[in-house]
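Chemist: pasted the sequence and its predicted model underneath.
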Amino acid sequence: MSFDYLISILKPMLEGAQMTVLLFIIAIVVSIPLGFILTLSVGSRFKPLSLIAQGYIYVMRGTPLLLQLLFICFGLPMIPVVGEYLVLDRFVAACLGFILNYAAYFAEIFRGGLLAIDKGQYEASQVLGLNKWQTLTKVILPQMFRIALPSVANESVTLVKDTALLYAVAVPELLHFAQTAVNRDFTIVPFFVAGIIYLIMTLLLTMVFKWLEKRFKFE
């Protein structure tokens, strides 16, 4: 194994890592707000909305992410009549699958955060004359975010690792290029390189969340 060989495999793998990072950013930016909306829907007094949200969370958390990705990529186009209109670009389909799946997990994390807030906080807000919106935005959400942050961090790290599932739906990401190099060169070195790249990405993400935890801990 030479330095030149490492450089030759590193370039395409870094290009694949860009796809991994792009998927992560899209999924995290969309799934966290969607997860919070689901949390509010579960707690809604409108029972049909609450039941739909609970059912959605149960299905998305109870079935494998890989199965969901395969269904969106290959199953939707097979639906009679409307299937031809549901053919999506593989990357778009993958983003949709990750967003829908992780929104359910974040919804449960946020629900746990809300349940951890003492009921006295709501009563104190009423005594101070705050309306429901002010109570939610100024009292409840900041506390919920601090409580839920460690779990959100853990789920975000899992999301980075789960991006390897893109390989199963033929999206050229980091693992795809690693596997290609292994098959071509009959060496496991690309797998070690891919592992190091994943470790670097998760390390950077962990550092960001540690910084956030320290910042919000003392506010």
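Modeler: The structure has been received and is ready for your questions.

Chemist: ok, now which ones touch Thr135?
Modeler: Neighbour list for Thr135: Tyr122, Ser125, Gln126 [criterion: Cβ atoms under 8 Å, 6 or more residues apart in numbering]. In short, each C-beta sits where N, CA and C put it, glycine included.

Chemist: list phi and psi for it.
Modeler: Per-residue torsions, Thr135: phi -60, psi -40 (degrees, to the nearest 10).

Chemist: offset the numbering so it begins at 3, please.
Modeler: New numbering, starting at 3: the last item is Thr137.

Chemist: quick one on the thing from earlier: relative to Phe108, which of the contacts of Thr137 is nearest.
Modeler: Of all the contacts of Thr137, Phe108 sits closest to Tyr124, with 22.8 Å by Cβ to Cβ.

Chemist: enumerate every residue touching that closest one.
Modeler: Contacts here follow Cβ under 8 Å, 6+ apart; on that basis Tyr124 touches Thr137, Val141, Ile142.

Chemist: TSV for those residues, including pLDDT and distance to Arg148?
Modeler: Shown next, in TSV, are the contacts of Tyr124 (pLDDT from 0 to 100; distance: Cβ to Cβ, whole Å):
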residue	pLDDT	distance to Arg148
Thr137	80	16
Val141	80	12
Ile142	81	11
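
Chemist: between those residues, which is closest to Tyr58?
Modeler: Among the contacts of Tyr124, Ile142 lies closest to Tyr58 (Cβ to Cβ), at 23.0 Å.

Chemist: all helices of the chain, in order?
Modeler: Along the chain, counting by DSSP state H, helices occupy 5-44, 49-64, 67-72, 92-117, 121-129, 134-136, 143-164, 176-187, 191-219.

Chemist: show me what the third one is packed against.
Modeler: I take that to be helix 67-72. Helices and strands touching helix 67-72, by 3 or more Cβ pairs under 8 Å, 6 or more residues apart in numbering; DSSP states H and E, are helix 92-117.

Chemist: buried sites along the helix it packs on?
Modeler: Using 16 or more other Cβ atoms under 10 Å as the test for burial, helix 92-117 gives 92-93, 95-113, 115-116.

Chemist: how about stretch 57-64?
Modeler: By neighbour count with 16+ other Cβ under 10 Å, stretch 57-64 contains the buried residues Tyr58, Ile59, Met62.

Chemist: do the same with stretch 77-95
Modeler: Leu78, Arg92, Phe93, Ala95.

Chemist: before we move on, what about stretch 25-44?
Modeler: For stretch 25-44, burial by neighbour count (16+ other Cβ under 10 Å) applies to 25-26, 28-30, 32-34, 36-38, 40-44.

Chemist: of those residues, which is the nearest to Leu151?
Modeler: Ile34 (11.4 Å).

Chemist: give me the distance between the closest one and Ala150.
Modeler: With distances taken as Cβ to Cβ, to the nearest Å, Ile34 is found 10 Å from Ala150.

Chemist: same question for Thr22.
Modeler: On the measure of Cβ to Cβ, Thr22 and Ala150 end up 25 Å apart.

Chemist: do the same with Thr160
Modeler: Thr160 is 15 Å from Ala150, by Cβ to Cβ.

Chemist: more neighbours: these two, which one.
Modeler: Taking neighbours as other Cβ atoms under 10 Å, Thr160 and Ala150 compare with Ala150 leading, 24 against 12.
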